[in-house]
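**Student:** Give me a model of this one.
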Amino acid sequence: MLEARRRFLKGEFSARARAPALAPSCLALSRVMCRACADACGPRAIHFLRQAGSAAVPRVEAAACTGCGDCIPVCPVSAITMRRAILPS
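**Tutor:** Now for the predicted structure:
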């Protein structure tokens, strides 16, 4: 993922062009305690919303995402991919 940061710093792609997308196989979406992606996210674009009586669910803030991809390799079930971000104008 260091290569993605280098490309970003060189201006080879937009900081807001891509954001993580969570597949249904995400452990947290299945109510299994996992926060590996949020722990790896430097800009804190991935955070978890608490749910009463259940595991917290992940939320991606596309506007905060730098597109570095550090969240991808830490996912134990490979549930994270990068997609084009849709940001408010």
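
**Student:** State the distance from the most centrally placed residue in the chain to residue 78.
**Tutor:** Among the residues of the chain, the smallest C-alpha distance to the mean C-alpha position (Cα atoms, centre = their mean) belongs to residue 20, namely 4.1 Å. The gap separating residue 20 from residue 78 is 12 Å, by Cβ to Cβ, to the nearest Å. From N, CA and C alone the C-beta is placed, and that goes for glycine too.

**Student:** Ok, residue 65 next?
**Tutor:** The gap separating residue 65 from residue 78 is 19 Å, by Cβ to Cβ.

**Student:** The two: which has the busier surroundings?
**Tutor:** When residue 65 and residue 78 are compared for neighbours, residue 65 comes out ahead with 24 against 11, by other Cβ atoms under 10 Å.

**Student:** Correct me if wrong: the more buried one contacts residue 43.
**Tutor:** Yes. Using Cβ atoms under 8 Å, residue 65 and residue 43 qualify as a contacting pair, with a distance of 6.7 Å.

**Student:** Tally up the residues packed near residue 37, please.
**Tutor:** Residue neighbour count, defined by other Cβ under 10 Å, stands at 26 for residue 37.

**Student:** Provide a list of residues in contact with it.
**Tutor:** Contacts were defined as Cβ atoms under 8 Å, 6 or more residues apart in numbering; by that measure residue 37 touches 20, 46, 58, 71, 74, 75, 80.

**Student:** That one belongs to a helix?
**Tutor:** Yes. Membership of residue 37 in a helix is supported by DSSP: H, G, I helix; E, B strand; the rest coil.

**Student:** Skip the chain neighbours and tell me the closest residue to it.
**Tutor:** Once its chain neighbours are removed from consideration, residue 37 has its nearest residue in residue 71; the separation is 4.1 Å (Cβ to Cβ, 6 or more residues apart in numbering).

**Student:** From residue 40, how far out is that neighbour?
**Tutor:** In this structure, residue 71 and residue 40 are separated by 5 Å, where distance is defined by Cβ to Cβ.
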